[in-house]
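**Student:** Let me see the structure of the following:
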Amino acid sequence: MKNAQRDLVLVAGGAGFLGSHLCDALIAKGNRVVCLDSFRTGRRRNVHHLEGEAAFDLVEGDIVRGIPTSIRRSEVPLRAIYNLACPASPPHYQADPEHTMLTSVLGTRNLLRLAEAHGARLLQASTSEVYGDPEIHPQREGYWGNVNPTGPRACYDEGKRAAEALCFDFERLGRAEVRVARIFNTYGPRMAADDGRVVSNVVTQALAGAPITVYGDGSQTRSFCYVADLIEGLMGLMALDRAPSGPVNIGNPEELTVSDLVDRVLARTGSSSQLTYRPLPVDDPRRRRPDISRARELLGWAPRTSLQEGLEATIAWFADEAGTTRVAARPAALASARV
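**Tutor:** Here you go, the predicted model:
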């Protein structure tokens, strides 16, 4: 590994959508970053711009199989570990449900042991999926959820719930200092076009002029947080001097229907795409909106990017990826200025 530079931070899943933005932000803050990724869903192109940087190391490895020796035996102790290493969209995490579950359970255990050995602080990227199809709205951290433990989403939902349990067990035993962030729907540049998430689906279909797929009748709701805001929340949680008791929701409390999202994307792309309706997937949540009172109180955090700004940046990025000129020029550096 390269020579030490300030604090050493490990980002597991660092070549993914969120992980790559986190690597950017950490390096911008003067940290030295080790990006660990198996490249099952992460993409080298997401961190290509960082390769060659003195403050960046890229290590290929799967946390299910264990932590690579170069990281475990690093002469420079790790200060912090961010665990973002798990597929996060249904098509990806359902493609290999066994591995998805083991990533959350065995992988998190391996990182917790690494944190214990190095005296490092660990942040676990959990998910709003732990609330399942919620019966309480908006969702607050004290809600235990309504999860189907044997359904097709269980490999992810229950895996993340188990990972949270492991984190807090390590904390209660004094073995590691942990933070758990429950991440709600996030969008922005570097999303994979084939990840099956509603924003990437709608934007890519609209740009291509293809029929836009709407699952159910479009009345189900989501709350979308722009990636730069989400990363600020994660870093703020990690920076807390005293670990909060329990998880913290990180997301945007502005709720809208899928149909409303489709209308906004169509208006911003100028697309003439028609809509096609398909059955709602099994166990798909009907409503989702975070209660972020704890994040406001503990971190002084709330999202700052409007949906209009975020969609413009995201659409422009997908348009660049597709080589199309069907959208207006990229808004002033929003996609990268704050991450």
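**Student:** is it true that residue 50 touches residue 23?
**Tutor:** Yes - using Cβ atoms under 8 Å, residue 50 and residue 23 qualify as a contacting pair, with a distance of 6.2 Å. Quick note: C-beta positions are derived from backbone N, CA and C, even for glycine.
**Student:** Which one's more surrounded, those two?
**Tutor:** Between residue 50 and residue 23, residue 23 has the larger neighbour count (other Cβ atoms under 10 Å), namely 30 against 19.
**Student:** separation between that one and residue 158?
**Tutor:** Note on residue 23: its distance to residue 158, by Cβ to Cβ, to the nearest Å, is 29 Å.
**Student:** and the closest residue in space to residue 303 that isn't next to it in sequence, what element?
**Tutor:** With Cβ to Cβ, 6 or more residues apart in numbering as the criterion, residue 303 has its nearest non-adjacent residue at 4.0 Å, and that residue is residue 229. With the criterion set as DSSP states H and E, the secondary-structure element containing residue 229 is helix 227-239.
**Student:** re the thing from before, quick check: neighbours shared by residue 50 and residue 23?
**Tutor:** Residues touching both residue 50 and residue 23 comprise 33, 35, 56, with contact defined as Cβ atoms under 8 Å, 6 or more residues apart in numbering.
**Student:** Now, those residues that are in strands?
**Tutor:** Mapping the shared contacts of residue 50 and residue 23 onto strands (DSSP state E) picks out 33, 35, 56.
**Student:** would you list these in JSON lines and tack on neighbour count?
**Tutor:** Shown next, in JSON lines, are those (neighbours: other Cβ atoms under 10 Å):
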{"residue": "33", "neighbour count": "26"}
{"residue": "35", "neighbour count": "27"}
{"residue": "56", "neighbour count": "22"}
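**Student:** Following the chain onward from the helix holding residue 229, which element is next?
**Tutor:** strand 248-250.
**Student:** sec struct for the residue in the chain sticking out farthest from the centre, please.
**Tutor:** When distances are taken from the C-alpha mean of the chain, residue 272 lies farthest, 30.8 Å away, according to Cα atoms, centre = their mean. Three-state assignment for residue 272 (DSSP: H, G, I helix; E, B strand; the rest coil): coil.
**Student:** Quick one: residues contacting it.
**Tutor:** Contacts of residue 272 were listed using Cβ under 8 Å, 6+ apart, and they are residue 209.
**Student:** Please report phi then psi for it.
**Tutor:** Reported as degrees, to the nearest 10, the phi and psi values for residue 272 are phi -100, psi 20.
**Student:** these two touch, right, residue 238 and residue 120?
**Tutor:** No - with contacts counted by Cβ under 8 Å, residue 238 stays clear of residue 120, the gap being 10.6 Å.
**Student:** Return every residue with contacts to both of those two.
**Tutor:** Residues touching both residue 238 and residue 120 by Cβ under 8 Å, 6+ apart: residue 80.
**Student:** the inter-axis angle of whichever strand or helix holds residue 321 versus helix 227-239?
**Tutor:** Remark: residue 321 resides in helix 307-322, with elements defined by DSSP H and E. For the pair helix 307-322 and helix 227-239, the angle between their directions (axes from the mean of the first three to the mean of the last three Cα atoms, to 10 degrees) equals 110 degrees.
**Student:** which helices and strands does helix 307-322 pack with?
**Tutor:** Secondary structure elements in contact with helix 307-322, counted by 3 or more Cβ pairs under 8 Å, 6 or more residues apart in numbering; DSSP states H and E, are helix 198-208, strand 225-226, helix 258-269, helix 334-337.
**Student:** residues touching residue 103, list them.
**Tutor:** Shown here is residue 103, whose contacts under the criterion Cβ under 8 Å, 6+ apart are 63, 64, 85, 86, 87, 159.
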